[in-house]
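*Asks:* predicted model and sequence follow; I will ask about them next.
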Amino acid sequence: MPSSSSSPARVPVEERLFSLVLALLATETGLTKSEILSTVQGYRQRYSSSGDNASLERQFERDKDDIRELGVPLETVESPGDAGNNQTLRYRIPKGAYDLPADVVFSAEEITLLGLAATVWREGSLSAESRRAIMKLRSLGVESDEPILGYAPRLRVRESAFEPLSIALERRTIVRFPYLKPGESASRLRTVAPLALIQHQGRWHLHATDQDVNEPRTFLLSRMVGPVTMTNRTFEPVGTDFAAHALDELERIWRRNVAEIEVVPDTDAATRLSKRYGDREPGNTHLSVNYSDLNIIADELASYGPEVLVLSPPHLRERVRSRLAATVAAHSDEPGESSDG
């Protein structure tokens with residue numbers, strides 16, 4: 001019989017977020033925080049029915065922010081006659097608010113392929129963990145949609161650097177990786193002592209001590225342009241709460257940087273950006289957009305093309321303009337170039 005002191009199996013963060021979204025979609029009335037923490041994959045493994053769940057509750061609060069940042073319309077519902085009581089507050093994702101837009105249609109062939117894929121997914125994904133969660137929810141009197149709650153694919157949305165950095169963190173091993181800073185044409189090899197892997201605004205960062213300058217630095221995993229290699233050197237961290245400190249700093253940067261933009265109504269940009277930054281008022285086209293990385297927000301806004309106009313700041317407006325100009329140039333025929341294959 002396994003020891004009660006054994007550590008629970010680690011659930012990847014994207015699997016926990018996916019399970020949370022599906023659980024909230026599976027109920028019309030919503031789930032309380034206690035029901036979520038005790039039943040949903042990724043929380044229930046660490047939940048204690050009689051102990052302190054403060055760290056787990058903080059994790060849930062961060063997860064709520066993350067899925068809202070991804071555009072998921074998570075809402076809260078207060079219990080009648082018990083307004084202001086966070087313990088009875090219920091969380092849900094209204095199905096109608098998370099449906100595909102009305103103008104998105106599929107051909108007969110596409111529908112057939114989607115149906116086949118859904119069948120394979122459903123038959124192979126109702127894991128034992130999901131079945132236990134369904135039974136637990138039903139024991140609490142919560143009706144759930146079993147096929148939806150049963151989906152449990154292993155999503156791979158993290159950068160390839162995540163796993164080796166995670167191992168290095170556990171082993172306290174110094175690592176090296178090539179890192180490309182914005183505006184530079186060549187990467188530079190960085191040697192760091194990893195202190196924490198953190199997710200902020202949907203992106204993974206490494207907080208570490210840069211061995212060349214012996215100072216803390218935060219690196220975006222998507223800018224690690226080559227493999228992470230472990231050295232034969234280990235280290236002892238000096239300090240605590242590295243993740244919390246790094247998140248606080250990223251949050252300060254994010255709140256300090258604000259862009260003012262206009263979006264064209266009834267476009268993809270309006271739908272996506274309004275959910276993340278707007279007040280959701282019908283017809284609102286002026287949005288205030290926070291950002292922590294100038295190049296990342298410039299890439300995102302430029303990807304919407306003419307659906308977005310950057311009003312300020314001027315340096316962001318210029319970055320978006322240069323990206324659009326580069327796109328036009330890349331798709332323009334060169335003089336004298338034939339269009340024949």
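*Replies:* Now that the structure is in, tell me what you want to look at. Everything numeric here is computed off the predicted structure, so don't read it as measured data.
*Asks:* give me the buried positions along stretch 171-187.
*Replies:* For stretch 171-187, the neighbour count (16 or more other CB atoms under 10 Å) marks T173, I174, V175, R176, F177, P178, Y179, L180 as buried. (C-beta placed from N, C-alpha, C; glycine too.)
*Asks:* and it, end to end?
*Replies:* Using CA to CA, to the nearest Å, the end-to-end distance of stretch 171-187 comes to 26 Å.
*Asks:* and the gap between the residue nearest to I297 when sequence neighbours are not counted and R317?
*Replies:* Of all residues not flanking I297 in the chain, Y291 sits nearest, at 3.8 Å (CB to CB, 6 or more residues apart in numbering). Distance, Y291 to R317, using CB to CB, to the nearest Å: 13 Å.
*Asks:* ok, now H207?
*Replies:* Distance from H207 to R317, by CB to CB: 31 Å.
*Asks:* which of these two has more residues huddled nearby?
*Replies:* Neighbour totals were compared for H207 and R317, and H207 leads with 21 against 18 (other CB atoms under 10 Å).
*Asks:* sec struct for the more buried one, please.
*Replies:* Secondary structure assignment for H207 (DSSP: H, G, I helix; E, B strand; the rest coil): strand.
*Asks:* tell me what it is bridged to.
*Replies:* Applying DSSP bridges to H207 gives these bridge partners: A196, T218.
*Asks:* residues in contact with it?
*Replies:* With contact taken as CB atoms under 8 Å, 6 or more residues apart in numbering, H207 is in contact with P194, L195, A196, L197, I198, P216, R217, T218, F242, A243, H245, A246.
*Asks:* make JSON lines out of these and add pLDDT and distance to Y277.
*Replies:* Formatted as JSON lines, the contacts of H207 follow (pLDDT from 0 to 100; distance: CB to CB, whole Å):
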{"residue": "P194", "pLDDT": "94", "distance to Y277": "32"}
{"residue": "L195", "pLDDT": "92", "distance to Y277": "31"}
{"residue": "A196", "pLDDT": "89", "distance to Y277": "27"}
{"residue": "L197", "pLDDT": "87", "distance to Y277": "26"}
{"residue": "I198", "pLDDT": "85", "distance to Y277": "22"}
{"residue": "P216", "pLDDT": "92", "distance to Y277": "30"}
{"residue": "R217", "pLDDT": "92", "distance to Y277": "28"}
{"residue": "T218", "pLDDT": "93", "distance to Y277": "23"}
{"residue": "F242", "pLDDT": "86", "distance to Y277": "29"}
{"residue": "A243", "pLDDT": "85", "distance to Y277": "25"}
{"residue": "H245", "pLDDT": "86", "distance to Y277": "26"}
{"residue": "A246", "pLDDT": "88", "distance to Y277": "23"}
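*Asks:* could these be laid out in JSON lines, adding distance to D268 and neighbour count?
*Replies:* Formatted as JSON lines, the contacts of H207 follow (distance: CB to CB, whole Å; neighbours: other CB atoms under 10 Å):
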{"residue": "P194", "distance to D268": "37", "neighbour count": "26"}
{"residue": "L195", "distance to D268": "38", "neighbour count": "23"}
{"residue": "A196", "distance to D268": "34", "neighbour count": "19"}
{"residue": "L197", "distance to D268": "31", "neighbour count": "22"}
{"residue": "I198", "distance to D268": "29", "neighbour count": "19"}
{"residue": "P216", "distance to D268": "38", "neighbour count": "17"}
{"residue": "R217", "distance to D268": "35", "neighbour count": "16"}
{"residue": "T218", "distance to D268": "31", "neighbour count": "19"}
{"residue": "F242", "distance to D268": "38", "neighbour count": "19"}
{"residue": "A243", "distance to D268": "34", "neighbour count": "15"}
{"residue": "H245", "distance to D268": "37", "neighbour count": "17"}
{"residue": "A246", "distance to D268": "32", "neighbour count": "22"}
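*Asks:* right, and out of the residues you listed, which lies closest to V258?
*Replies:* Among these, T218 lies closest to V258 (CB to CB), at 20.4 Å.
*Asks:* list the contacts for that closest one?
*Replies:* Contacts of T218 by CB under 8 Å, 6+ apart are H205, L206, H207, A208, A246, E249, L250.
*Asks:* what do you get if the cut-off is 10 Å, keeping everything else the same?
*Replies:* 195-196, 198, 200, 205-208, 245-247, 249-250, 253, 292 (CB atoms under 10 Å, 6 or more residues apart in numbering).
*Asks:* good, wrapping up.
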